[in-house]
Every structure is written in C-alpha cells, then in structure tokens.
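**Q** please work out how this folds:
(chains A, B and C)
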Amino acid sequence: MSTPALKLAGVRKNFGSSQIINGVDLEVSRAERHAIIGPNGAGKSTLFNLISGFYQVSAGYIELGGHIISGLPPHRINRLGLSRSFQVTNIFPKMSVFENIRCALLWSMGYRYSFWHFCDRLKRVNEKTEQILEMIHLADRRHIPAAMLAYAEQRALEIGITIAGDTNVILLDEPTAGMSLSETERAVELIHKVTQDKTLVIVEHDMSVVFNLADRISVLVYGEIVATDTPDNIRQNQEVQEAYLGKEIA
Amino acid sequence: MLLFMRRYGIWLAAVIVCVVLPYIFTSRLSLTLFCQMGIALIFALSYNMLLGQGGMLSFGHAVFYGIGGFLAMHALNKISGGTLPLPIELLPLVGGLGGLAAGIVFGWLSTERSGTTFALISLGIGELIAASALMLPSFFGGEEGISANRMVQTTLTGFRFGKQIEVYFLIAFWAIVSAALMYLHTKTPLGRVANAVRDNPERAAFIGYNTRAVRTLQFSLSAFFAGIAGGLFAINYEIITAETVGALASGSVLMMTYVGGVGHFFGPILGAILVTFMQVSLAGITHAWLLYFGLLFVGMVLWAPTGMAGIIMMHEPVWKAGLMKRLLPSYLLIALPSLVMFVGVMILVEINYHLSLSINPEAALQLFGIRFKAQSPVAWSTAILLAAIGFVFFRAAKRKVSRSWDEVTQTMKGGAV
Amino acid sequence: MFEYLLFSLLNTLVLGMLFFMLSSGLTLIFSMMGVLNFAHASFYMLGAYFGYQISAVFGFGPALLLAPLAVGVLGALVERYGLRSVHKYGHVAELLFTVGLAFIIEEAVNLIWGRNAVTYPVPNFLDFSLFTLFTTSFSAYRAFMLLISVGIFAGVYLVLTRTRIGLIIQASLTHPQGVSALGHNVPAVFMLVFGGGSALAGLAGVIGGIFLITEPAMAATLGPIVFVVIVVGGMGSLTGALVASLLLAAIQTFAVGIDVSLGDIFARIGFQMSPGGLLKDLWRIKISHTGPILPYLFMVLMLMFRPKGLMGKRES
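**A** Numbering: from 1, shown residues only, chains lettered A, B, ... in the order given. As a prediction, the model looks like this:
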C-alpha cells in the first residue's frame, strides 16, 4: 500500500487538564474524500487546528505524504501541500475579491516575497486567478472588497482561497454552515469540482452533504474516533447510531 | 497616448509641478518650506508602508530617519575630507542603506507579533536609541550633534549646492524617485501580501506566508526610505542632532501620516504637505500652533478617521454620479458654525498664551486687527460664547450632513440597481 | 554601606509605590478595555498642576482630595465622549486618540501654567525631618507619601476583592468577553474604571509633583516608564504591576549609585583595552548613567521573550 496522504498516529491534545483529543489514529489515502462527523464539542475543529499546525499536538504525530508535520508552523505545513478553510469565515476583508485569490496563489507559483515583480504583469498568476474566480462564481464581483460580499459569497471565497494554492490535501471546516438549501447545493457542487483528484478532509454537520461527498467517514466522539468506514456501513453501524446519528437517521 | 497619459499623467504632472514651483514662489522662505515638505513627504510615505500597508503602528520610526541622517552626515564629512569618493547627489543612498541595515535588525526583533505588542516594542526601541544617543557621542555627537559642509568637489550634476534652489532640486528628485518606488512597491507580491498580513495574519500563514518574514521585509524597506529622508535632512540642514531619532520626530510622522490618511497611497503626501506648512507658517504667527495641531489631530481621529485622502476619495463616486451639488449646501451649513467655534477657541487660546507667556501680560494683544487687553471680561465672554454657540450649531449641522449623505447614497444605490 | 543600602531601599519603596499608584490604573484600563492609554501620565500631570493650584489657594489638605476628584471626573468624561465614540474605528484609532489627547493636555498645561516648572513646595506641616540615621535624614513628606500610597493600595485591594463591582472588574481582567455576556453594564464599568484609574493617576500627581517636579514635560518623562511597568508586570496583574513598580524604582535608585563602567569591569578581570570610536563610548558608559535606558531595554527584552510579562495571565 502506498503512503497515505495524511496520517495521524496517537494524536492527543489537552488544554491544561482537559483532554480534547484522546489518541486519534487516522489514515486518509490519496484522492480520497474523507468526512469527519460527530456531535458538537467532539473536537473536530481542534483536530483540524492540530493538523494544520495552528495548535501543537500534546502527544503522537501527524504525517503529510510521509513527512512528519506535527511541530511545524502553519506556513511550513501549507508549503508542504496542505491548506484549510475555516468554520468562521476567515478572508482578507479590506482587499478586493480578486486580490484575495491572487495573494493566495502567489506563494505556490513561486513569487513568494518578491518586490521586483509587478503583480499585474504576472500573466500566469492572473489567468489562474481568473479561472478560480470563474469556478467559485465570483468573477463579476472581483473588484468588491471582500468584507462587502454576501455571506454565501464569502464562504465561496473562503473555499477559493483554500484551493488557490493547488495543494494536494485540502481541509474544509463546515463549508456549508449557515447556508440555505440552494446555496448548500451549489457549494457541494463547487467542492466536488475543486477537489477533483485531491485529498479532501471535511468536517460537516449537514448529513446530506456528508453522504453526498464522502468516500469514507470517521465518527469523532469525545476526542476519539469510534468508527471509520464507508458511508453505507456508517449508516448501519449500531455504535454510531447510538452515539450520534440516532435521531437524524431514524 | 491616452493610455500613457492615464497611467503616467499624474507622475508627469508631479515632475512639472516640482520644476515650476520654485519659479512661482520665489521667496527664500517658500523654498525652505518646499525642501522640508519634500523630506517630510518621503518620511511619511515610508511610515505608511508600515501603518497603512502593513498594519504596523510604530512609535519609533524616527530611529531609521535619524540613523540614516547621522550616517549620511558622517559620510558627508568623509567626502569633504577627501576620503570617500562619493558624489553628494548619491548621499541619500548612504542614509537609505543605513536605515535598511538598522531596519533589518530592529524589524526582525520587533515583528514577531503585531498590534499592541509591536507598538510597544517600537516605542521601547525608539526610547532606547534616543536615550543612548547621548551616551554614544562619537556617533551621535552628543548635545550639539554633528555638522558638515555640503559644498564639496565630488558632484555629478555640477551643482555646488551653495544655493538653496540646488538643494531643492536634489530633494525634489529624490522625493519623486522614492515616491514612485514606494508606489510601485504596492503593486508587487510583497506589497500585496503585506496587505494580506495586515488584514488577517492568521489566514496569511495558511496560504504559505511566514508573517514575521513579510513584516520584517516590509519594515526594512520602509526603514530604507526613512533613511533616504534622513540623508536629505543631513544635506538640507548640514547639522543633525539626537532629536531626529527621538519620540517627537516619531510622533510627528505618525500624526502627519494619519491626518493625510493611511488608506490611500497619496494620503501621507497630503499630510506631509499640510503639516509642514502648518509647522512653518503657524509657528511664525502663534506660540500655540502645537495645540492647534493637536486639536486638528484629535478632531480627525474622532470625526474623520480615514484622513484627508479618505474624505476626498469618499466623494469620488458622488462626483462621478454628479451629485456633489446635493452635498454642498449641508457642507456650507457646517462650515459656518465650525468657523465660529474655531474662532472662539482660538481667542481663548491666544488670550491664555498672552497671559502665561508674554513678557508683559498687561500689554494689549491684537487679534483680527482688534486690540484688547487679555484681562478684559468682554473678550473672555465673547470667546466662550462664540465657542459654545459654534459647538451647538456644529452638532446640529453634523446631523444635517449625515442626512444628506444618506440621501445621496440612497440615490446612488437606486441608480445602480 | 549600610546607610546607603537602607536609604536606597526606603527611596525605592517611596518611588515604587508612586509608580504603582500610576500603573495600577493603567493596567486595569489596558487589560479591561485593551486601550493602551497614552494620556495616563497626562492625568498624572494634571493632578500635579491641579494640586499645585488648589494648595496655593486652599491649602494642601483640600488639594489632596479635590485634585484627584477633578482628574477622575475629567477621565470619565474623556472615556464617555471621546474613547467610546472612536471605539468603533478599532484599537489603532483608540490609541491614537489618547496620543492626541496627551499632546493637547501638554500644550494646554503650557498654555495655562507656562513652560517652566512651577514651585510646588512640600506643605508646611510635613516639612521636617522624620528621623536621621548616621548622616542621612528621612523627611516626613516621604513617609507621608508612603503612607498614602500604601493606604490607596489597601483601598484598591479591598474594592477589588470585597465589592460586587470589584469582582466584575476582576472577572473582566481575564475574560473581557465573558463579562458582557453575563449582562453587566460594561460601558458603565469602563467609564468607572477609566475615571477611577485617572483619579489614582491624579492623586499620584498631587503627591508626586512635590516629590519629583511639576513641569509640562513631566508626563512625557514618566509616561514611557509606566508603560514599562505594565509590560513587565504583565497584563491584568495588579501584583505584577506592584512588583514591576518596585523593580523599576530599584533600578533607578540603585543604578545611580554605581559608578563603574564596562571598561572598569573588564579591567578588573584582567582585560585592558583602549578601543576607539563607538566602542570607546560603550567602554566609558558608567552604570550610573544607564538609568534612563535600562527600563526600555528591560521592556523590549520582555516583550520579545516573555510577552505575558512577569505575572501576566494572558497576552495582549
């Protein structure tokens, strides 16, 4: 078996005396779409914060494509090929939509800290920015400051920023939270499109989204993964139903 | 041709203005004023690379201005001593490189965090350098500072810099070059990512950027231009003291940048021109100019936090929509009470200054061509009355202004849909 | 030596408690409201000038009461009509508002009382030497200062631990968001704390103006020192502020007495060097002259390596 895209081994996290993550083992293979579900307070966002380097693990380790990434700062992890979105919209509010996306792909396209290139002359960068704007349906809003966008548009921009760097592994934290039904549908379609051939890990509350998108699902309860399996099996899993799904499925 | 004019027209205009200006205002005083404005303009623009572009509120930016100035002064002494074969026109570069070197060191030390921590570190470093300036006399020259003679043999242009106008052209040249470079910098990846780090450092890390590296680079480049301004200071005054690295200099560049407006590139230019003008012209007329300046600054913070540039740009869409005439009446309405209030405050200030500072408080003082005694109760009550009436009507007019603004924005929105 | 140590310690205590009276208000304001109040030392200056003016007319007793009260009211007004309206523009605007305010207050003091120091003498009934040990005497006024500041410290401590409002303030030191969620009237608490902190600064001015000097530059001199105190002491920690106040006072008091330079130290351990230029300057600096830079050095290092401060509960 080839090296997994993402591997968590014995990952623990405690804040002071309270254990939030209690020894999580997880392997996500390449090009897999993996969903993490679980009740509120199970530690899903904490898990994302650990993987993306926002928090440091208390024990255990995390590997990205065979490299150990636990202990690295977020920007190093991003450069190794992992990007994430946030549950609470986290964009660059005063910059235009176009600049938001363009900034997000400068590093990956090699322009880094350059102060000897002009952004407007970087043809490849601008073309790619346009492509992404088309993909997230914000092309006609490009000059508007990001703070002025409608909520669903900001969520789309959030995804756009996340995928702009063309990383192999993408973490999406509740991308459809707070959206209406039709907005959710469009978002799922968008996620499908932008994560083509990529490894996706998604935290989501909306079960229709989860079952629609995921190849496999892990159920996180009180900082522990109680089951990892295909959507169909998860649906039938007794333990999961008791722990979490009970009401919604039945 | 049209495209060329649209893109470079404003710079062309700037060059023309700079060339023509000393031939329109020919007095010695205005020439000195223009020189000061040019230096202040570079300094303020460099400050805005930190505050406006990078979101770093610094209380110690004069450190780099001063270090650049002192280095340039030492270099100038070497040039006139014949040990350094550098044309004097390039001397500001020495200041710039000195600022850059200091900027890299102090930038790296202070940019780990942003916000208040950064502000406090910059304050601490500023105070540290200012306090140690007097302990290191071989570099900072102690109490009397360092002086040099700018009339040297090694020049590129053939200028001898004996005349102020020659110095003016040198400053104008560097001001335009520096402004252009700083403007171009806003268009580069680093310039844009500095905005991203300002807006949301957390997210910037997740798109691959080391926020501290971005801040340090931005900080260093800003220190480079501050150093250029310092180098020009050295040439312009031929003397430099430890005051240039001090808190007052740091505070004043902060204030001029903010008054001009941090949100737009040209804001600091406006601020530098206005504040320098106030400095030179008001300081000659009244002792109280610092107080007026302070009041202006606090007024801006309270009522116009986007600065002059922000106010101007706010009107751009209104102007384009042809709705300015709907705003003007309310502006006229607010101008009158503002003026009345200001005159009242001014009389009070001047009376008090007369009482506390003049050699003979009993002597009459003159304001608006009227001579009166500072002790006169009529003068006091007039002043207080004017200020109070002005204030009451100012508040009323302010509501009127925001109402007509609401109307105008409504109309524009309606037109757009 | 014993005499020097003893009196340096006593002076450290007097100066340190003065610093603490200033910094306790500032640290409360900073930790609760997130506003680094640059005008805090200006309130100290106003206290000194009010005290000077009131004692000139009514005597020192009334001044001790009225001046801090006036400064406190002024502080509350500044919070209500100034800070609160710039709050919506963010922390930078709040901070700059206080910078501008400090600027205006300094100029206004210039305007009213002139540019030179005023003579603000020790009140008659305290103008005697309390005791003399060996050859140095300790004035009654210093003892009085100590008494007042310890009394204030005790008072603040009681208010913070024993009253309802004190408990709210304490809670909002560590969890500013949580307190408003509990439905307390946070704006009113802010106004109270800002006014109270200003009043404390004013009181420090009334007694410190006599002890140090009363001049328009006094705010600019002391302002940065107070920042150093709250940074070193740590966010939200009054104990930290107390420790840092005493520490800084000790540095300032003791450093003055040490007449040794870096060159001397190296000579002592066997290095004889006579460098030129900048290094020569460094070599010659006597510890006694480093008084003005030590606090800032201390602050910068602290911010870089331990931004929580000595006893801070959280970072800014």
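**Q** would you mark the buried spots in stretch B:121-131?
**A** B:121-131 (16 or more other Cβ atoms under 10 Å in any protein chain shown). The C-beta positions use only the backbone N, C-alpha and C, and glycine is treated the same way.
**Q** out of the residues you listed, who's near chain C?
**A** Among the buried residues of stretch B:121-131, the residues within reach of chain C (Cβ under 8 Å from any Cβ of the partner chain) are B:121, B:123-125, B:127-128, B:131.
**Q** and the two most separated of those?
**A** Using Cβ to Cβ, those span at most 15.5 Å, a distance reached by B:Ile121 and B:Ala131.
**Q** how about the helix or strand containing B:Leu221 and chain C, any contact?
**A** Taking DSSP states H and E as the criterion, B:Leu221 maps to helix B:211-237. No. Judged by Cβ under 8 Å from any Cβ, helix B:211-237 stays clear of chain C, getting no closer than 11.9 Å.
**Q** what residues does A:Gly71 make contact with?
**A** A:56-57 (Cβ atoms under 8 Å, 6 or more residues apart in numbering or on different chains).
**Q** could you pull up phi and psi at it?
**A** phi 100, psi -20 (degrees, to the nearest 10).
**Q** helix or strand: which one has A:Leu171?
**A** Counting by DSSP H and E, A:Leu171 is part of strand A:169-173.
**Q** which elements pack onto that strand?
**A** helix A:44-51, strand A:82-84, helix A:151-164, strand A:199-203 (3 or more Cβ pairs under 8 Å, 6 or more residues apart in numbering or on different chains; DSSP states H and E).
**Q** and the angle from the first one to strand A:199-203?
**A** Think helix A:44-51. Relative orientation of helix A:44-51 versus strand A:199-203 (axes from the mean of the first three to the mean of the last three Cα atoms, to 10 degrees): 140 degrees.
**Q** chain center to helix A:44-51: distance?
**A** In terms of Cα atoms, centre = their mean, to the nearest Å, the centre of helix A:44-51 is set 10 Å apart from its chain centre.
**Q** pLDDT on that helix, on average?
**A** Computed over helix A:44-51, the mean pLDDT rounds to 94.
**Q** in its sheet, what does the lowest-mean-pLDDT helix or strand in chain B sit against?
**A** In chain B, no helix or strand scores lower on mean pLDDT, DSSP states H and E than strand B:365-367, which sits at a mean of 78. Strand B:365-367 sits in its sheet next to strand B:370-372 (antiparallel), going by DSSP bridges.
**Q** so which of the helices and strands packed on strand A:169-173 gets nearest B:Thr154?
**A** That would be helix A:151-164 among the helices and strands packed on strand A:169-173, by Cβ to Cβ, at 51.7 Å.
**Q** any chance of the backbone angles for the residue of chain A positioned farthest from its centre?
**A** Ranked by distance from the centre of chain A (Cα atoms, centre = their mean), the top residue is A:Trp116, with 32.7 Å. Main-chain dihedrals, A:Trp116, degrees, to the nearest 10: phi -120, psi 10.
**Q** show me the contacts for it.
**A** Per Cβ under 8 Å, 6+ apart, neighbours of A:Trp116: B:Thr188.
**Q** could you dump stretch B:81-89 to CSV, C-alpha only?
**A** Presented in CSV, the C-alpha positions along stretch B:81-89 are these (Å, rounded to 0.1, in the frame of the first residue of the first chain):
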residue,chain,number,x,y,z
GLY,B,81,37.7,65.3,3.8
GLY,B,82,38.5,63.6,0.5
THR,B,83,38.5,60.1,1.9
LEU,B,84,35.2,59.0,0.3
PRO,B,85,34.9,59.4,-3.5
LEU,B,86,31.1,59.5,-3.5
PRO,B,87,29.1,62.2,-5.4
ILE,B,88,27.0,64.1,-3.0
GLU,B,89,23.9,63.5,-5.1
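**Q** got the contact list for it?
**A** Under Cβ under 8 Å, 6+ apart, the answer for stretch B:81-89 is B:75-76, B:78-79, B:94, B:150, B:152, B:154-157, B:159, B:161, B:170, B:235.
**Q** how about 7 Å then?
**A** B:75, B:78-79, B:150, B:152, B:154-157, B:161, B:170 (Cβ atoms under 7 Å, 6 or more residues apart in numbering or on different chains).
**Q** so which bits of that stretch are buried?
**A** Buried-residue list, stretch B:81-89, by 16+ other Cβ under 10 Å: B:84, B:88-89.
**Q** same question for it, mean pLDDT?
**A** For stretch B:81-89, the per-residue pLDDT averages 91.
**Q** no further questions, thank you.
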